[in-house]
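Novice: Got a sequence here, can you model it:
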Amino acid sequence: MARIRVLQAVAGLDFSWAPGDVVELDDESAAMWADGVRAEAVEEMETTAVRSRRGGRAPKVETR
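Specialist: Numbering: from 1, shown residues only. Next up, the predicted model:
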């Protein structure tokens with residue numbers, strides 16, 4: 001089994017994937033979808049969540 005990260009929204013009769021979704025497929029299907037336009041191959045180590053580049057939460061605003 002291989003994993004791909006969806007780059008463009010894709011939907012069919014029994015599935016729908018949004019950009020950013022990581023989907024596990026058989027090797028042949030993953031190779032077909034991972035063309036760099038619709039999806040890209042994902043390495044095993046890349047499946048962990050990535051923090052936003054802005055550094056997380058915004059600072060609290062004082063309301064007093």
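
Novice: switch to C-alpha atoms for all contacts and neighbour counts from now on
Specialist: Noted.

Novice: Quick test: name the residue nearest the centre of this structure.
Specialist: Relative to the mean C-alpha position of the chain, the nearest C-alpha, by CA atoms, centre = their mean, is the one of residue 20, at 2.6 Å.

Novice: The closest residue to that one other than its chain neighbours bridge partners, please.
Specialist: Distances taken as CA to CA, 6 or more residues apart in numbering place residue 6 nearest to residue 20, at 5.3 Å, with adjacent residues excluded. Using DSSP bridges, the bridge partners assigned to residue 6 are residue 39.

Novice: The one 5 residues further on now?
Specialist: With beta bridges defined as DSSP bridges, residue 11 has these partners: residue 16.

Novice: ok, it touching residue 17?
Specialist: Yes. Taking CA atoms under 8 Å as the contact criterion, residue 11 and residue 17 are neighbours in contact, 6.2 Å apart.

Novice: ok, those two, which is more surrounded?
Specialist: Higher neighbour count among residue 11 and residue 17: residue 17, with 16 against 10, using other CA atoms under 10 Å.

Novice: on that earlier part again, got a list of what the residue nearest to residue 20 touches?
Specialist: Contacts for residue 6 (CA atoms under 8 Å, 6 or more residues apart in numbering) come out as 17-23, 38-40.

Novice: between these, which has the most around it?
Specialist: Of all the contacts of residue 6, the most densely surrounded is residue 39 (25 neighbours; neighbours counted as other CA under 10 Å).

Novice: Quick check: residue 1 vs residue 43, distance?
Specialist: With the distance defined as CA to CA, to the nearest Å, residue 1 ends up 12 Å from residue 43.
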